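Peer 1: Have a look; sequence and predicted model below, questions after that.
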Amino acid sequence: MTSIITILTITLIECVFGVIYVDLKNFIVPNGVNVFHGRFNSNGVYKLIIYQPNSIKLVKFGDCILFPRSFVSKAQKFLDYKLAIELFLDNSNKFALIHKFTSNLDSSFTYQRFSFKLNPDCFTFITIDQLLTHIETDVFLSFDVSSNHCHPFLKVTTQMLNENEIKLYSITDRFYNVKFNGIEAPKYSIGSVYDSKFSAAVCYNKIDVLTSSCIKIAIFNRNSKKIVQIDNGFKLEFSLRKFLGVKYWFLTKKSTDPVHDIRIHSAIYLYDMIHSSPGVLPIVLDISENISPDLYGIEKVIGMADEWTYTLYKVKKSHQKDYAIRSVVETWTNVNKIYTPKENDQHLYVEVLRNDSKTMLFMFSYVKEDLGLKLKYEILQKSSGEEEYTKLNEEQSKVAMDEFKKIYPIKIDVTVEEEPNSLYEKRELYNEEEVFHYLSIKETNELGENITEKYRIGNVYGLYQYEVGNVESEEYRKKKTMIEGNINKKEIIIKKVEIEDINREKYEIYEPIN
């Protein structure tokens, strides 16, 4: 009876007062909420939940009222405060720290904190001291360069330099007279600095974060270019620049660097090389991927073929008129350079087959002849434990190619939420309120080669966007989860299904009826 009354009371309050609430049993937050992210301990996940310009008024734990416990008898007063919630989630240890800001008649605020331990089926009140025993490190707050919102524990100051506004960000040492000293509250630091819109280019790699931690951040414009300056004991400066038609944060300057980090020097060399000769760089393909393929406009497709893992590398269609792969390397070996195409070779693409005993490289390219372009191929291989590849002669290559074709079809990986690669296409189909994703292998690639018998859809993945409940992950931390493996179909239809377990994505996959 008590639970029924509680549910009816919550429903009544939500209907009459339009209450905005958070559910900390299922980790459900309202639409439009601001979530700030972070990390602590070795695997701990941190969230701060704020709703602006409106406010969170109620915290639930499933069908129970977690906070405030006395709001039913003081409904009018209930409407006069705002709540913000910090979550500290470390494996099975889950805690909430609720911040309450009460409006006073003299327009001032009263600030209070309440801490809870969240168990699977119940919650308990705990002290701040009890909470802090589970937080062994600083809480590292993530910083999104593109966001218009800033964590309230960050101090923001503005300076003017040569008529340019500089915004400086650092951790404040207290909040409403509560010191961030590890005694009154956790210690906080700036953690991952990233841009949810643009990746960074560091040491020939496309990476997700500009730095994993720092002391201060400065953001400003210089010569119409957006600059991010990071102070980590020494300064790193990133500039937002275009490369191969895509914007990246390039590491362009450093101050005194006692470690002489080779990654930093390589990143600055890459920027200088790009800056001095834009648009005319030969593209380097590193099949060990210490050099990120997509940074250089290279498309990567992965899959399986019999007992082999399969990878295809090719220049993206949007860049084929302007750029070409001019060198194939494998930087994890002492024999780095593997293959250099001839000057008249066009549209080089590389297919890599690997199993436990052997790696085989198939180099396909086109040569211009009187009647048009002619496809040619060269094959290299090496056994496990060897560093140097051996080029097969014409007879050996023919045998290897025949063996390669015997393991067709190659089953490629696809991800529902991502843009399709050059081997398959995706369309959305609508039926009343339902949305279906139709995926199918193309008949030909952009060079006109028939690929209908060579490829099939293999593993299908979904991009899981939530870290807990419906609380989204940071963009770069979103994980792929397999929906179904080894499908081996030319075409499929995928529908996302709503289920009660919000901590999982559910999809249904159908084969079209022709």
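Peer 2: Thanks, I have it. Residues are numbered from 1 along each chain as shown.

Peer 1: so how far is M304 from the residue lying farthest from the centre of the chain?
Peer 2: In terms of distance from the mean C-alpha position of the chain, D370 ranks first, at 47.3 Å (Cα atoms, centre = their mean). Distance, D370 to M304, by Cβ to Cβ, to the nearest Å: 40 Å. C-beta coordinates here come from the backbone N, C-alpha and C atoms, glycine included.

Peer 1: Over to K490?
Peer 2: Separation of K490 from M304 (Cβ to Cβ): 16 Å.

Peer 1: got it, and E184?
Peer 2: Between E184 and M304 the distance is 55 Å, computed by Cβ to Cβ.

Peer 1: helices and strands of this structure: which one has the lowest mean pLDDT?
Peer 2: Every helix and strand in the chain was compared by mean pLDDT, DSSP states H and E; the lowest is helix 2-17, with a mean of 39.

Peer 1: which is the next helix or strand following that one?
Peer 2: Sequence order places strand 21-23 as the next helix or strand after helix 2-17, per DSSP states H and E.

Peer 1: what does that following strand contact?
Peer 2: With contact meaning Cβ atoms under 8 Å, 6 or more residues apart in numbering, strand 21-23 is reached by 14, 28-30, 33, 49, 56-62, 83, 85, 469.

Peer 1: Run a quick neighbour tally on the residue lying closest to E446 once chain neighbours are set aside.
Peer 2: Spatial nearest neighbour of E446, chain neighbours left out: K317 (5.1 Å); criterion: Cβ to Cβ, 6 or more residues apart in numbering. Neighbour count of K317, defined by other Cβ atoms under 10 Å: 13.

Peer 1: Looking at E184 and M304 now, which is surrounded by more residues?
Peer 2: More crowded of E184 and M304, by other Cβ under 10 Å: M304, with 18 against 15.

Peer 1: In contact with the more buried one, which residues?
Peer 2: Contacts of M304 (Cβ under 8 Å, 6+ apart): Y310, I410, K411, G458, N459, N486.

Peer 1: Can you name the helix or strand that it falls in?
Peer 2: Assigned by DSSP H and E, M304 belongs to strand 298-305.

Peer 1: For that strand, output the C-alpha coordinates as PDB.
Peer 2: Listed in PDB are the C-alpha atoms of strand 298-305, where the atom choice follows Å, rounded to 0.1, in the frame of the first residue of the first chain:
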ATOM      1  CA  ILE A 298      42.200   7.100 -46.100                       C
ATOM      2  CA  GLU A 299      39.100   5.000 -45.700                       C
ATOM      3  CA  LYS A 300      39.500   1.800 -43.600                       C
ATOM      4  CA  VAL A 301      37.100  -1.200 -43.900                       C
ATOM      5  CA  ILE A 302      37.500  -4.200 -41.600                       C
ATOM      6  CA  GLY A 303      36.000  -7.700 -41.800                       C
ATOM      7  CA  MET A 304      36.600 -11.400 -41.900                       C
ATOM      8  CA  ALA A 305      37.300 -13.900 -44.600                       C
END
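
Peer 1: so how far is the helix or strand that that strand is followed by off the chain centroid?
Peer 2: Toward the C-terminus, strand 298-305 is succeeded by strand 308-315 as the next helix or strand (DSSP H and E). Computed by Cα atoms, centre = their mean, to the nearest Å, the chain-centroid distance of strand 308-315 equals 22 Å.

Peer 1: Averaged pLDDT, strand 308-315. What do you get?
Peer 2: For strand 308-315, mean pLDDT is 95.

Peer 1: I'd like to know which elements that strand is packed against.
Peer 2: strand 298-305, strand 345-354 (3 or more Cβ pairs under 8 Å, 6 or more residues apart in numbering; DSSP states H and E).

Peer 1: Adjacent strands (with direction) for the strand holding M304?
Peer 2: Sheet pairing for strand 298-305, assigned by DSSP bridges, gives strand 308-315 (antiparallel), strand 410-415 (antiparallel).

Peer 1: Quick check: what element follows the first one along the chain?
Peer 2: Helices and strands here follow DSSP H and E; after strand 308-315, the next one along the chain is strand 325-329.

Peer 1: Please identify the buried residues of whatever helix or strand comes next after that next one?
Peer 2: Next helix or strand after strand 325-329 toward the C-terminus (DSSP H and E): strand 337-339. Going by neighbour count (16 or more other Cβ atoms under 10 Å), the buried part of strand 337-339 is I338, Y339.

Peer 1: ok, now stretch 375-392?
Peer 2: Along stretch 375-392, these residues count as buried under the neighbour rule (16+ other Cβ under 10 Å): E378, I379, L380, Q381, K382, Y389, L392.

Peer 1: Let me see the contact set for the last one.
Peer 2: Yep, that's L392 we're talking about. Applying Cβ under 8 Å, 6+ apart, the residues contacting L392 are E378, I379, L380, Q381, A400.

Peer 1: Nearest residue to the fourth one in space, ignoring adjacent ones along the chain?
Peer 2: For Q381, the nearest residue in space outside its immediate sequence neighbours is M360; the separation is 4.6 Å by Cβ to Cβ, 6+ apart.

Peer 1: pretty sure that neighbour contacts Y377?
Peer 2: No: the criterion here is Cβ atoms under 8 Å, and M360 misses it with Y377 at 11.7 Å.

Peer 1: got the angle between the helix or strand hosting Q396 and strand 410-415?
Peer 2: Following DSSP H and E, one finds Q396 within helix 394-406. Angle, helix 394-406 to strand 410-415, by axes from the mean of the first three to the mean of the last three Cα atoms, to 10 degrees: 60 degrees.

Peer 1: which residues touch helix 394-406?
Peer 2: Outside helix 394-406, the residues that reach it (Cβ under 8 Å, 6+ apart) are L353, M360, F362, Y377, E378, I379, Q381, L392.

Peer 1: do that again at 6 Å, thanks
Peer 2: I379, L392 (Cβ atoms under 6 Å, 6 or more residues apart in numbering).

Peer 1: Can you point out the buried residues in that helix?
Peer 2: Those would be S397, A400, F404, for helix 394-406 by 16+ other Cβ under 10 Å.

Peer 1: from the buried residues of stretch 375-392, which is closest to K321?
Peer 2: E378 (23.9 Å; Cβ to Cβ).

Peer 1: what's near enough to touch that closest one?
Peer 2: Contacts of E378 by Cβ under 6 Å, 6+ apart are M363.

Peer 1: Helix or strand: which one has it?
Peer 2: Per DSSP H and E, E378 falls inside strand 372-383.

Peer 1: Quick one: name whatever helix or strand follows that strand.
Peer 2: Tracing the chain C-terminally past strand 372-383 and defining elements by DSSP H and E, one meets strand 390-391 next.

Peer 1: just how off-centre is that next one within its chain?
Peer 2: Relative to the centre of its chain, strand 390-391 is centred 38 Å away, using Cα atoms, centre = their mean.
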